[in-house]
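Q: Below are the sequence and a predicted model for it; my questions follow.
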Amino acid sequence: MKNFILRLVMLFSPFWRKLGADTNQLEAILWVKLTMDDRRPRAVFARHQKRKKAVNNATVATVLTSLVMGCFYLFTFWVGKDNFTALTLYFLMFMVMLSVTLISDFTDVLIDVKDNYIILPKPVGARTILLARLLHILIHLSKIVVPMMLPGLVYCFVRIGIGGGLLFGLDVAFATLLCICVINAVYLVILRITTVERFKDVIGTIQVAFSILIFATYYMGPRLAANLHLDQTAILGHAYFYPAPPLWLAALWEVLQHPAGQTGLLYGLAALGLLIPPLSIWAVVRFLGPSFDRKLSGLGAGTPAVVTKKRRGRGTFYRSISAWVTKGNAESTGFEISWLLTGRSRDFKLKVYPSFAYVLVYFFYYGLQGRGQSSLGETWRHLPETKTYILLIYMSSLAMITAITNLVYSDKYKASWVYYVSPLRVPGEVLVGSVKAMLVKYFIPFYLAVAVFALYIWGIRILPDLALGLANVIWFGLLMGYVRLKKLPFSASMSIQAGTGRFMKGLMIVLIPTAVGFGHYFIRLFLPALSWVIWLIFVLAAILVWLLYSRYREVSWAELEKASGDF
């Protein structure tokens, strides 16, 4: 793929020479940049990356992913009442997904200051460097935009005709220009109000939101489209859609495809679609571009040292919680280390934070399926008559399991030598402290929110079920730690996540909550009036929590060393 793209670009070598570039140097620079792109995994898939093998085909993955997304957008042509409505929905999805994709994955391309250190000191002309940067950005855009728009383009050529297909391509070009303008503005706003390090954190947050958006769209999109009756909705009849750029682009397509008999309103919207994209790019180049270049220069210069003032009470919150929930210095140390590092690790956030949203998406997908042709509103009204709160309770364990699973991995795992020079009697105390940190920092607040929602829908009668579910999920977490977390926090390399012998343990950890959840459901199904049975099982679960806690706390160095062979 890299060589094909490079040969395609260099077909225009005479033109590049006329622009003042050295084509040999240009080809060499682009080859290096494209090679690095091939080795850089997409940010949206970073949380799935096992890092056992070197990434060498990231470009192919990017193209295929964009192609699949483009195929998914085709459903708008089936749910829209007419071509105008369908194209409005299509460009809405296209522009949202393209913007978020570029914001999360475009950072390494657009904000790339390595040229300042590597190429500028070499005898390479300024025009060659500038052209290489612009072509690299154009290539990266093409790898995302072309596959993403290809299914829609083919559909328009086949179903509407050559004119419709060409106009669709024009609209895609304008939509891309608008997205680039938005991205530039977003970057400038973020860089203006934050430091460089905070900028990276903001981009990480956008990456988390993007992965959640894709997941939720996949599961909830078709159901929401069916319940909104888009096949019976005329978007042009709703004035609150008029400020939306996707509507302008659809109007431009409609006016150029069927110019006769259109209303003045549609012509006005089409004019916006024709004029706003080029004007936006002009504004970016004329006004925002110089400011953006200055910000890039600031990034290349590094982050200046900042003198921070120590605030009273800052950092005492987690220490107060640690003193309350931990026992002994070693356990408190494990708690505090895990609390702090999970808040600072971008990789941990990217892998764990989406799981909380996944729980809610799964619940609304499976819990609100409905029966027959019932609408979403009818299903929601009958929700208190169901027992889907049990599904919500045990699905919340997904967040706990994900947090504990990723607690041991870090890119900076070599810093874990401090554990081994410390006078720890048994490492189990640190491990238990780490699990408690995950419970208190992530799971308990999330479970309280779930409990409030469940009590609001189903009432106080499910309080025993919530108590039993909490006890069960806690012993799930301790069992998870005992089986899989026999490594000190952030002490293992990312490359060992795919180690042999771990599949069955992982499968067991998933099957146990499922089996317990089904058992809980059947008890409520066949013994609905016997709440004392639930309380009795709660007592047994609490005893199991204590037993697992006591055993896990006594994990020895020998057990830790033996378990390392399973990684």
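A: Perfect, I can see it now. The shown structure was predicted, so the numbers you read here are calculated from the model rather than taken from an experiment.

Q: I'd like the distance between residue 428 and residue 9.
A: From residue 428 across to residue 9, the span is 58 Å (Cβ to Cβ, to the nearest Å). Every residue, glycine included, has its C-beta placed from N, CA and C.

Q: These two - which one has more neighbours?
A: Taking other Cβ atoms under 10 Å, residue 428 and residue 9 do not tie; residue 428 has more neighbours (25 against 18).

Q: pLDDT (mean, whole number) over the helix or strand harbouring residue 208?
A: Residue 208 belongs to helix 196-228 when assigned by DSSP states H and E. Helix 196-228 carries an average pLDDT of 70.

Q: Helix or strand next in line after it, which one?
A: helix 245-257.

Q: What is that following helix packed up against?
A: Under the contact definition 3 or more Cβ pairs under 8 Å, 6 or more residues apart in numbering; DSSP states H and E, helix 245-257 sits against helix 83-105, helix 162-193, helix 264-283.

Q: Distance to residue 137, mean neighbour count and mean pLDDT added to those helices, as TSV?
A: Converted to TSV, these look like this (distance: least, Cβ to Cβ, whole Å; neighbours: other Cβ atoms under 10 Å; pLDDT from 0 to 100):
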stretch	distance to residue 137	mean neighbour count	mean pLDDT
helix 83-105	10	23	83
helix 162-193	9	18	85
helix 264-283	13	16	88
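
Q: Looking at those helices, which is nearest to residue 492?
A: helix 83-105 (26.3 Å; Cβ to Cβ).

Q: Look up the closest residue to residue 120, ignoring the ones flanking it.
A: Leaving aside its chain neighbours, residue 120 sits nearest to residue 129 (7.2 Å; criterion: Cβ to Cβ, 6 or more residues apart in numbering).

Q: so the one you found makes contact with residue 119?
A: Yes: assessed by Cβ atoms under 8 Å, residue 129 is found in contact with residue 119 at 5.7 Å.

Q: hey, what's in contact with both of those two?
A: The contact sets of residue 129 and residue 119 overlap at residue 29 (Cβ atoms under 8 Å, 6 or more residues apart in numbering).

Q: between these two, who's got more neighbours?
A: Neighbour totals were compared for residue 129 and residue 119, and residue 129 leads with 19 against 16 (other Cβ under 10 Å).

Q: Do you know the pLDDT at that one?
A: Reading off the confidence values, residue 129 has pLDDT 82.

Q: now the helix or strand in which it is found, how far from the centre of its chain.
A: Under the criterion of DSSP H and E, residue 129 resides in helix 126-159. A distance of 23 Å separates the centroid of the chain from that of helix 126-159, by Cα atoms, centre = their mean, to the nearest Å.

Q: Tell me the buried residues in it?
A: 128-129, 131-133, 135-136, 139-141, 143-145, 147-153, 155-157 (16 or more other Cβ atoms under 10 Å).

Q: got the angle between that helix and helix 245-257?
A: Counting by axes from the mean of the first three to the mean of the last three Cα atoms, to 10 degrees, helix 126-159 lies at 70 degrees to helix 245-257.

Q: Could you list the low-pLDDT ranges of the stretch 351-500 of the chain?
A: 368-376, 485, 494-500 (pLDDT under 70).

Q: would you list every one of the strands in it?
A: Counting by DSSP state E, counting those that start in this stretch, the stretch 351-500 of the chain yields no residue ranges for strands.

Q: Would you map the helices across it?
A: Per DSSP state H, counting those that start in this stretch, the stretch 351-500 of the chain carries helices over the ranges 376-381, 388-395, 397-405, 417-420, 428-438, 444-458, 463-484.

Q: Could you say which of the ones you listed is packed most deeply?
A: Neighbour counts (mean count of other Cβ atoms under 10 Å) averaged over each of the helices of the stretch 351-500 of the chain peak at helix 428-438, with a mean of 27.

Q: Show me what that one is packed against.
A: helix 329-344, helix 397-405, helix 463-484, helix 531-553.

Q: Columns distance to residue 204 on top of those, output as JSON lines?
A: Putting those into JSON lines (distance: least, Cβ to Cβ, whole Å) gives the following:
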{"stretch": "helix 329-344", "distance to residue 204": "11"}
{"stretch": "helix 397-405", "distance to residue 204": "17"}
{"stretch": "helix 463-484", "distance to residue 204": "25"}
{"stretch": "helix 531-553", "distance to residue 204": "31"}
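
Q: Domain parsing of this structure, as residue ranges.
A: The record's domain split for the chain, according to the TED database, is 1-43+56-301, 322-564.

Q: so which of those comes closest to residue 316?
A: Among the domains of the chain, domain 322-564 comes nearest to residue 316, with 9.9 Å by Cβ to Cβ.

Q: So what's the gap between the closest one and the chain middle?
A: Per Cα atoms, centre = their mean, the centroid offset for domain 322-564 relative to its chain is 21 Å.

Q: repeat for stretch 547-565
A: On Cα atoms, centre = their mean, the centre of stretch 547-565 falls 34 Å from the chain's centre.

Q: Only the C-alpha atoms, please, for it, written as CSV.
A: C-alpha atoms of stretch 547-565 as CSV (Å, rounded to 0.1, in the frame of the first residue of the first chain):
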residue,chain,number,x,y,z
LEU,A,547,-12.4,-15.4,52.7
LEU,A,548,-11.0,-14.3,49.3
TYR,A,549,-9.7,-11.1,50.8
SER,A,550,-7.9,-12.9,53.5
ARG,A,551,-6.4,-15.4,51.1
TYR,A,552,-5.4,-12.8,48.5
ARG,A,553,-3.7,-10.7,51.2
GLU,A,554,-1.4,-13.6,52.0
VAL,A,555,-0.1,-14.1,48.4
SER,A,556,3.6,-14.7,48.8
TRP,A,557,6.6,-13.8,46.7
ALA,A,558,6.9,-17.5,45.6
GLU,A,559,3.3,-17.5,44.3
LEU,A,560,4.0,-14.2,42.5
GLU,A,561,7.1,-15.7,40.8
LYS,A,562,5.3,-18.9,39.9
ALA,A,563,2.3,-16.9,38.4
SER,A,564,4.8,-14.9,36.3
GLY,A,565,5.2,-18.0,34.1
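
Q: what's in contact with that stretch?
A: So stretch 547-565 is contacted by 331, 426-429, 431-432, 435, 475, 478-479, 481-482, 486-488 (Cβ under 8 Å, 6+ apart).

Q: Out of these, which two sit at the greatest distance?
A: The most distant members of the contacts of stretch 547-565, if one measures by Cβ to Cβ, are 475 and 488, lying 21.9 Å apart.

Q: residues making contact with stretch 146-163?
A: Defining contact as Cβ under 8 Å, 6+ apart, one finds that stretch 146-163 is touched by 63-64, 66-67, 69-71, 73-74, 77, 83, 90, 94, 97-98, 164-165, 167-169, 172, 257.

Q: switch to 6 Å and redo it
A: Stretch 146-163 is contacted by residues 63, 66, 67, 69, 70, 71, 74, 164, 165, 168, 172 when judged by Cβ atoms under 6 Å, 6 or more residues apart in numbering.

Q: Leaving out sequence neighbours, find the closest residue to the third one.
A: Of all residues beyond its chain neighbours, the one nearest residue 67 is residue 147 (4.0 Å), with distances taken as Cβ to Cβ, 6+ apart.

Q: how about the residue lying closest to residue 95 once chain neighbours are set aside, what does it touch?
A: Spatially, and ignoring its direct neighbours in sequence, residue 95 is nearest to residue 175 (5.2 Å; Cβ to Cβ, 6+ apart). Residue 175 is in contact with 91, 94, 95, 249, counting by Cβ under 6 Å, 6+ apart.
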